[in-house]
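My questions concern the predicted model and sequence given below.
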Amino acid sequence: MTEPSLQQQFDEKVASEIAIEPRDWMPDDYRKTLIRQISQHAHSEIVGMLPEGNWITRAPSLRRKAVLLAKVQDEGGHGLYLYSAAETLGISRDEMIEQLHSGKAKYSSIFNYPTLTWADMGAIGWLVDGAAIMNQVPLCRTSYGAYATAMLKVCKEESFHQRQGYDLLIQMCRHGTPEQKAMCQDALNRWWWPSIMMFGPPDADSPHTQQSMEWRIKRFTNDELRQKFIDVTVEQARLIGLTVPDPDLKWNEATGHYDYGKIDWEEFWNVVKGNGPCNKQRLETRKKAWENGAWVREAASAYAGKRRQRQQEKNAAAEAAAA
Ligand code: FAQ
């Protein structure tokens, strides 16, 4: 079959909502875009374990510790599904890790901010996982089958993550001391703007959005998702008596949405370029973990090799006996 008709088949599948599967023909740029997005998403999940992992030993009760531990483990699992989904596109796990460690591949800007108080665990679950859900529910219908399948499971777990964070804040805001409530407000003040930056640059400055929308990798633009997130989250803040740190935030009857203040895109690009408060620390920690885990990878692959060899010997013996 010649290239134009393969392209045509691909276009027709995308237009009629038939998932593109790993063995299907796909344009090179579609493959590259998916590898870029899925691997960066995977890196975000893995690096994203660090800010909360920092608080597991300091959780204030056994229940909160168990919940936080389960959540952070889930994020590790999400990273693994996503690395596997990216591998179906022809990139190896080692290449992806190399790209993260060399700074070639990005991970979400949000994980370069420090977690200073226990209320940050609430703010991350509520805002960061809340933003992740807003972005990832539409990805359950993304055009690449393996990514969509991974997203289905991830989204179920993200809902629990968002809930546990919001629940933590409800407890402190409604039943806590004035100091605890002030700690929650401080967490919202610090996490609000970075959370709404998570959706990426404004549509006018987003080089990938238009093409990704055409390929139905993305189902909504960065600005559309940001707006949806702001609209639901402002109401949730009000419900627990917290104030969103944006003096320009105002309900707009005409649009049916909240208008919001100017986002500091200079801060965003600065963090994306590696100059946020924790970029260096996050990458150093990941590199060290990779180096320290080398013996585990070696042992696991030696064990897998031995099992394979034993199975081959068994099969050969069975064949010889049957002959
Ligand atoms: N941070 O043209 P666009 C989570 C980059 S998971 C850093 O708009 P695109 C769960 C972008 O890569 C959070 N870089 O790009 C959790 C591109 O650079 P490149 C991660 C960013 O791909 C919770 C350039 O800017 N979620 O939170 C960011 O069409 C708690 C131009 O941007 C995903 O990855 C950013 N915020 O749209 C875990 C979701 N935004 O690659 C632990 C899947 C943009 O050309 C604890 N990804 N850039 O060098 C997506 O939906 C999209 O990739 C976007 C960006 C929306 C992130």
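Arrived safely, thanks for sending.

which parts of the stretch 201-323 of the chain sit against the ligand?
Residues of the stretch 201-323 of the chain lying close to the ligand (CB under 6 Å from any ligand atom) are 201, 206-209, 212, 222, 272. The way it works is simple: take the backbone N, C-alpha and C, and place the C-beta from them, glycine included.

With neighbour count, secondary structure and pLDDT added, can I get the residues you listed in TSV?
What follows is these, written out as TSV (neighbours: other CB atoms under 10 Å; DSSP: H, G, I helix; E, B strand; the rest coil; pLDDT from 0 to 100):
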residue	neighbour count	secondary structure	pLDDT
201	18	coil	98
206	16	coil	98
207	8	coil	98
208	15	coil	98
209	21	helix	98
212	20	helix	98
222	21	helix	98
272	18	helix	97
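
so which of those residues comes closest to residue 76?
Closest approach to residue 76 among these (CB to CB): residue 272, at 23.4 Å.

For the nearest residue to that closest one once chain neighbours are set aside, give me the pLDDT.
Once flanking residues are discounted, residue 272 sits nearest to residue 109: 5.4 Å by CB to CB, 6 or more residues apart in numbering. Predicted confidence (pLDDT) for residue 109: 98.

Residue 81 too?
95.

need the contact list for it.
Taking CB atoms under 8 Å, 6 or more residues apart in numbering, we find residue 81 in contact with 150, 153-154.

backbone phi and psi for residue 252, please?
The phi/psi pair for residue 252 (degrees, to the nearest 10) reads phi -110, psi 110.

try residue 257
phi -140, psi 170.

Please tell me I have it right and it contacts residue 231.
Yes - applying CB atoms under 8 Å, one finds residue 257 in contact with residue 231, separated by 5.6 Å.

And the residue of the protein that's closest to the ligand?
residue 48 (2.6 Å; CB to the nearest ligand atom).

With the flanking residues excluded, which residue is spatially nearest to that residue?
In space, residue 48 is closest to residue 111, 4.9 Å off (CB to CB, 6+ apart).

again, but for residue 264
Nearest residue to residue 264, sequence neighbours excluded (CB to CB, 6+ apart): residue 193, at 6.7 Å.

ok, now residue 45?
residue 79 (3.7 Å).

so who does that neighbour touch?
Here residue 79 is in contact with 42-43, 45-46, 49 (CB under 8 Å, 6+ apart).

Which of the three states applies to residue 200?
For residue 200, the secondary structure call by DSSP: H, G, I helix; E, B strand; the rest coil comes out as coil.

Considering the contacts of residue 81, which possesses the most neighbours?
Within the contacts of residue 81, most neighbours by other CB atoms under 10 Å means residue 150, with 26 neighbours.

helices and strands around whichever strand or helix holds residue 289, which ones?
In this assignment (DSSP states H and E), residue 289 forms part of helix 279-292. For helix 279-292, the contact count by 3 or more CB pairs under 8 Å, 6 or more residues apart in numbering; DSSP states H and E identifies helix 28-47, helix 49-53, helix 93-102 as packing neighbours.

any chance of those in JSON lines, with mean pLDDT too?
Listed next are the helices and strands packed on helix 279-292 as JSON lines, based on pLDDT from 0 to 100:
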{"stretch": "helix 28-47", "mean pLDDT": "98"}
{"stretch": "helix 49-53", "mean pLDDT": "98"}
{"stretch": "helix 93-102", "mean pLDDT": "97"}
